[in-house]
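In: with the input below, show me the fold.
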Amino acid sequence: MAFEFYPEVGLTRVELFDKISANMSEKRFRHVQNVAKSALKLAERWGYSEPRKAELAGLLHDYAKEETDATFIQLIEKYQLDPDLLNWNNNVWHGLVGIYKIQEDLGLTDPEIIRAIEIHTVGSAAMTLLDKILYVADYVEEGRAFEGVDAARHLAYEQDLDAAVAYETVHTVAFLTSKHVRIYPQTILTYNAYVDQLK
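Out: Numbering: from 1, shown residues only. Model prediction:
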């Protein structure tokens, strides 16, 4: 299932794809299409009532991923966001700050989609079904090839979406600690909220 018109942005599928592809590399464009496909599958599997929103969230989640640091800093200042964001980088910014770029460029106003995109990399202790769908779809999309992805897909599609959120978060935290880099506090809150789902 794919949708031909997205009222949330007032664009046809062709128009939306043109705008998205113009804002990212070919590789990134393939990724967002894969995430959209995964989000649709997860929406169907877990009974999300608005699959179009799941697909659109997947298509838009990395819209700002290839913006410059200067663009993100300007957006943080323009919208008077938490000054602590200036201490982070693109990995955090393209979700938490990128939503403002998406709203400016595409006119997206749907709060559920905006929220899912906002937290798709850092998660949250309180996640809606769409939040979980996008968070997990980004991790398990068919182009991903890393150790543990098959286990993540099995959890996501066959067993339990909350367990898939937990698995992703546990492995993300483990990866970041192995690199000796700081972890965004909201990711730790996500870890604490979901880790028991793996027991």
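In: and stretch 43-53, which residues are buried?
Out: If you call a residue buried by 16 or more other C-beta atoms under 10 Å, then stretch 43-53 has these buried ones: 43, 46, 48, 51-53. C-beta here means a position set from N, CA and C on the backbone, and glycine is covered the same way.
In: ok now the biggest helix by length in the chain, how far from the chain's centre?
Out: Assignment by DSSP state H gives helix 26-45 as the longest helix of the chain. How far helix 26-45 lies from its chain's middle: 10 Å, per C-alpha atoms, centre = their mean, to the nearest Å.
In: also stretch 85-103?
Out: That offset, for stretch 85-103, works out to 12 Å (C-alpha atoms, centre = their mean).
In: kindly check the end-to-end length of it for me.
Out: This stretch, stretch 85-103, spans 19 Å end to end (C-alpha to C-alpha, to the nearest Å).
In: returning to that earlier point: hey, C-alpha coordinates of the longest helix of the chain in PDB?
Out: Presented in PDB, the C-alpha positions along helix 26-45 are these (Å, rounded to 0.1, in the frame of the first residue of the first chain):
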ATOM      1  CA  GLU A  26      20.400   9.400  -3.400                       C
ATOM      2  CA  LYS A  27      21.500   7.000  -0.700                       C
ATOM      3  CA  ARG A  28      19.600   8.900   2.000                       C
ATOM      4  CA  PHE A  29      16.500   9.000  -0.300                       C
ATOM      5  CA  ARG A  30      16.600   5.200  -0.700                       C
ATOM      6  CA  HIS A  31      16.800   5.000   3.100                       C
ATOM      7  CA  VAL A  32      13.800   7.100   3.800                       C
ATOM      8  CA  GLN A  33      11.800   5.100   1.200                       C
ATOM      9  CA  ASN A  34      12.800   1.900   3.000                       C
ATOM     10  CA  VAL A  35      11.800   3.400   6.400                       C
ATOM     11  CA  ALA A  36       8.400   4.400   4.900                       C
ATOM     12  CA  LYS A  37       7.900   0.800   3.700                       C
ATOM     13  CA  SER A  38       8.900  -0.600   7.200                       C
ATOM     14  CA  ALA A  39       6.600   1.900   8.900                       C
ATOM     15  CA  LEU A  40       3.700   0.800   6.800                       C
ATOM     16  CA  LYS A  41       4.400  -2.800   7.600                       C
ATOM     17  CA  LEU A  42       4.600  -2.100  11.300                       C
ATOM     18  CA  ALA A  43       1.500   0.000  11.200                       C
ATOM     19  CA  GLU A  44      -0.400  -2.900   9.700                       C
ATOM     20  CA  ARG A  45       1.100  -5.400  12.100                       C
END
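In: helices or strands up against it?
Out: Helix 26-45 sits against helix 13-21, helix 51-60, helix 129-140, with contacts defined as 3 or more C-beta pairs under 8 Å, 6 or more residues apart in numbering; DSSP states H and E.
In: so can I have CSV of these showing distance to V35 and mean pLDDT?
Out: CSV is the format used below for the helices and strands packed on helix 26-45 (distance: least, C-beta to C-beta, whole Å; pLDDT from 0 to 100):
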stretch, distance to V35, mean pLDDT
helix 13-21, 12, 97
helix 51-60, 4, 98
helix 129-140, 5, 98
